[in-house]
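Q: Need a 3D model of the sequence below.
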Amino acid sequence: MLIRTFYKRKDDSALCCCEYINEDGERSHILAAFCNCEAADEAFDRLIKLNPVDERTTKKLWSTVSDRFRIPWPGGARRVPFDIFGAVLLVPCIMLLACISWAMAFISYIIIFPAVIFSIHRLFRKKASLQSASLYGSSEGKRVKKHARTKFFLVWLLVSVFLLLVIYSTQVIPYLKISPYENLVLVIFMWISCTSMYLVQATSCAGFEPRSTADEQLYGEIIESGAWRICGECEKQVPRQASHCRTCDACYLMRDHHCLWLDTCISCVNDRWFVIGLWFGLLSLMYGSHLSLTSVCHPKLYDLYFTMVMLPHHCPDAFVNFQSRLAISGTCYGILMGILVAIALIQQLVCVVGGVRLRDYRHRRQLPGQSSLWSLKYAFRNCLHFWWR
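A: Residues are numbered from 1 along each chain as shown. Purely as a prediction, here's the structure:
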């Protein structure tokens, strides 16, 4: 009796940093992660007998592993999602792999990096689920496709920025070739870019007020006027210019696209902050890469349009020690990220000049009889409307 009372009080006590409540509702410990796993035993038994592992066993094994993969935390062990852990692990591994030589840097950033990003993107796209939904409140149903949402790309971006800052501060600045004014300019560019990207997420606004059941007549007049409509996927009353995002599962007014790297939708409320963040992010990456290359490599002054520009001339000591290896690897990674940011910025600027949204750009080009996006007659007006609407 005393033993039962002791264990009951122990189970009712607060969780320590290494304990958690598992998916079965039982108290467990992270040290017992490899103990008593029926799904793993069944899958291993099937592999030994050369039998295929069925989908049910695979899902159960994945659920068990994701539930037991935790880190110690005050108040109970916290679960670590695999997409976040994968991003935190892959970015430094790719950077360290590029530190070996110029050939490995080329393979890491031109082959491995795009392959990993494309594979992860396709993996989550294949996880799209089909949900049943009634059509405009009727009894007829339809299948609505919803894309899987992940923090992988956002964590990848945050880890990349953090590692580039660490490499710049600990490996490039000790060369003592960067003046305080150059460093100040880089810090200002980075601060504006990071603040703008934060505002992109902070100002993102989704969803609209649903219709009131007491105002059926007013609701019908609003719908008939054409100013509002019913979304066929979320079945909510939304403005005519709103569109549904299958990743966020919500409607946004004048939606541009869903940004995977920020895990948020770009619409009329945050598109200007997005363009500003891309512009200053590109300046930060290119200027930081220039300062890093001119510090590690031997620079040379070039006369360019009545001004003197310092550019890297040759790099004989690029992979001599670990400091130069990390600096070159971070610089190459910054240049690659700058290229990706430049592509995204060019897409946004083309859409701003053309007065269209990114998701409508391809459809607009395919429609017959549409005017060209590069019409100088409307380009200036579209730019003014974008910035001062």
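Q: what about the stretch 51-200 of the chain, any weak spots by pLDDT?
A: Applying pLDDT under 70 to the stretch 51-200 of the chain picks out residues 127-145.
Q: Quick one: the strands in it, in order.
A: According to DSSP state E, counting those that start in this stretch, the stretch 51-200 of the chain carries its strands in the segments 70-71, 78-79, 129-134, 141-146.
Q: neighbouring strands for the first one, and are they parallel or not?
A: The partner list of strand 70-71 in its sheet, established with DSSP bridges, is strand 78-79 (antiparallel).
Q: List of residues touching the strand it pairs with?
A: Contacts to strand 78-79, defined as CB atoms under 8 Å, 6 or more residues apart in numbering, come from residues 20, 66, 67, 69, 70, 71. All C-beta spots, glycine's among them, are computed from the backbone N, C-alpha and C.
Q: Repeat the analysis, applying 6 Å as the threshold.
A: Around strand 78-79, the neighbours that count as contacts under CB atoms under 6 Å, 6 or more residues apart in numbering are 70, 71.
Q: For the residue nearest to residue 185 when sequence neighbours are not counted, give me the pLDDT.
A: Nearest residue to residue 185, sequence neighbours excluded (CB to CB, 6 or more residues apart in numbering): residue 287, at 7.0 Å. You'll see residue 287 listed with a pLDDT of 94.
Q: Can you say which helix or strand has residue 287 in it?
A: For residue 287, the enclosing helix or strand under DSSP states H and E is helix 271-296.
Q: Going by neighbour count, list what's buried in whichever helix or strand comes after that helix.
A: Note on helix 271-296: by DSSP H and E, the next helix or strand toward the C-terminus is strand 298-303. Judged by neighbour count using 16 or more other CB atoms under 10 Å, the buried positions of strand 298-303 are residue 299.
Q: same thing with stretch 56-66?
A: Result for stretch 56-66 [16+ other CB under 10 Å]: buried residues 57, 60, 61, 64.
Q: and the third one, what is it in contact with?
A: Each residue near residue 61 by CB under 6 Å, 6+ apart is listed here: 39, 43.
Q: Could you rerun that using 8 Å?
A: Contacts of residue 61 by CB under 8 Å, 6+ apart are 37, 39, 40, 43.
Q: Quick check: the gap between the third one and residue 274.
A: In other words, residue 40. Applying CB to CB, to the nearest Å, the value for residue 40 to residue 274 is 45 Å.
Q: Ok, residue 155 next?
A: According to CB to CB, residue 155 stands 19 Å off from residue 274.
Q: And the two? Which one has more around it.
A: Higher neighbour count among residue 155 and residue 274: residue 274, with 24 against 20, using other CB atoms under 10 Å.
Q: shouldn't the more buried one be in contact with residue 199?
A: No: using CB atoms under 8 Å, residue 274 makes no contact with residue 199, being 9.0 Å away.
Q: on that earlier part again, which of the buried residues of stretch 56-66 fall in helices?
A: 57, 60, 61, 64 (DSSP state H).
Q: I appreciate the help and will end here.
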